[in-house]
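one predicted model, sequence on top.
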Amino acid sequence: VVETALIIPAAGSGTRLGADRPKAFVELAGRTLLAWSLRSGLRAGCGLTVIAAPADLLEEARAIADAECDSLNVSRSLVAVVEGGAERTDSVSAALARLETANPSFVLVHDAARALTPNEVFIRVIDALRAGERNVVPTLPVADTIRTVAGSTSSVEDLATSVDRSQLRRVQTPQGFRTEDLRAAHRHARQTGLSATDDAGLLEAIGIPARGVPGAEAAHKITYPEDLRTARARLQGE
Ligand code: CTP
Ligand code: MG
């Protein structure tokens with residue numbers, strides 16, 4: 001019986017990174033971002049993983065999965081690869097459908113792009129689920145002063161008053177849920193056409209509020225070329 005499964009949305013195109021291949025398949029210190037993320041999940045003890053990959057990279061994703069399973073000495077059958085969808089939510093839905101038969105108690109959803117997420121973050125999320133939390137989100141405080149835009153008449157924007165920073169959190173992954181709740185949230189989103197930028201937002205829409213646990217700077221999402229450079233430097237500094 002699998003207690004905690006893992007879904008890795010890795011089907012995005014990585015437009016903002018601007019590499020010659022989809023982001024999850026870009027290398028960082030000898031491993032693809034997908035391989036790094038899968039490795040963290042396997043090490044945290046996730047018993048079954050489903051990767052959502054772009055249609056033309058299913059075989060490559062399979063090869064990456066096999067290599068990580070072999071290197072960590074776990075069965076290759078613990079990782080499945082499915083074709084992702086047009087939006088991140090569609091990719092998560094496709095992966096979730098694949099979990100139907102295994103029926104794990106909990107499921108974590110973790111962006112392939114958060115390649116260097118420390119093991120402690122996975123453990124904190126799993127511990128919170130075991131303690132009864134139902135919509136678990138790793139977060140970090142915001143260091144910058146944040147303002148909203150009131151309007152823009154020229155290339156210079158009108159800035160409204162600043163937002164109270166102490167009330168703000170940056171949201172990361174892995175986010176953790178009960179599998180039945182994540183299914184219900186995705187069903188509801190499909191039926192209502194609701195979209196949210198993450199799964200916690202979809203659960204919130206069915207009345208299950210999000211709860212924060214500490215995230216980590218290293219779990220930063222690799223979005224722009226600058227993020228890849230920072231990640232590389234982080235690994236060299238270790
Ligand atoms: N993702 C996915 N399916 C999509 C879109 C995104 O599985 N249709 C995944 C990405 O592969 C990534 C995670 O969701 O691991 C977070 O998305 P993001 O950082 O936006 O990645 P991309 O969509 O690939 O990047 P961009 O928005 O710059 O194109
Ligand atoms: Mg995207």
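Good, I have the coordinates. Ligands and ions are numbered 1, 2, ... in the order given.

contacts, neighbours, all on C-alpha from now
OK.

need the three-state assignment for the residue nearest to Arg134 when sequence neighbours are not counted.
With C-alpha to C-alpha, 6 or more residues apart in numbering as the criterion, Arg134 has its nearest non-adjacent residue at 5.3 Å, and that residue is Phe177. Assigned with DSSP: H, G, I helix; E, B strand; the rest coil, Phe177 falls in the strand class.

quick check: bridge partners of Phe177?
Counting by DSSP bridges, Phe177 forms beta bridges with Val107, Asn135.

quick one, what contacts it?
Residues near Phe177 by C-alpha atoms under 8 Å, 6 or more residues apart in numbering: Phe106, Val107, Leu108, Leu129, Glu133, Arg134, Asn135, Val136.

out of these, which touch ligand 1?
With C-alpha under 6 Å from any ligand atom as the criterion, the contacts of Phe177 include none near ligand 1.

and Gly8, how many neighbours?
Wrong residue type there; residue 8 is Ile, not Gly. For Ile8, the count of nearby residues is 26 (other C-alpha atoms under 10 Å).

now swap in the one 3 residues further on and tell me
Using other C-alpha under 10 Å, Ala11 has 30 other residues around it.

wait, a strand at it?
No. Ala11: not assigned to a strand; according to three-state DSSP it is coil.

so how far is Leu38 from it?
14 Å (C-alpha to C-alpha, to the nearest Å).

now Ala143
Counting by C-alpha to C-alpha, the gap from Ala143 to Leu38 is 30 Å.

between these two, which is the more surrounded one?
Set Ala143 next to Leu38 and count neighbours by other C-alpha under 10 Å: Leu38 wins out with 28 against 11.

isn't Asp181 right up against Glu204?
No. The pair Asp181 / Glu204 is not scored as a contact, 10.4 Å apart, by C-alpha atoms under 8 Å.

comparing those two, which residue is more hemmed in?
Counted by other C-alpha under 10 Å, Asp181 and Glu204 do not tie: Asp181 has more neighbours, with 18 against 14.

neighbours of the nearest residue to the more buried one once chain neighbours are set aside, how many?
Of all residues not flanking Asp181 in the chain, Leu203 sits nearest, at 7.1 Å (C-alpha to C-alpha, 6+ apart). Summarising burial for Leu203: neighbours were counted as other C-alpha under 10 Å, giving 24.

related to what we said a few turns ago, want to throw the contacts of Phe177 into TSV with neighbour count, pLDDT and distance to Ala185?
Below are these laid out as TSV (neighbours: other C-alpha atoms under 10 Å; pLDDT from 0 to 100; distance: C-alpha to C-alpha, whole Å):
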residue	neighbour count	pLDDT	distance to Ala185
Phe106	22	98	14
Val107	30	98	13
Leu108	26	98	14
Leu129	21	98	17
Glu133	19	98	16
Arg134	22	98	12
Asn135	25	98	11
Val136	25	98	14
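
in a markdown table: these, plus distance to Arg16.
Listed next are the contacts of Phe177 as a markdown table, based on distance: C-alpha to C-alpha, whole Å:
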| residue | distance to Arg16 |
| --- | --- |
| Phe106 | 32 |
| Val107 | 28 |
| Leu108 | 25 |
| Leu129 | 33 |
| Glu133 | 34 |
| Arg134 | 32 |
| Asn135 | 29 |
| Val136 | 27 |
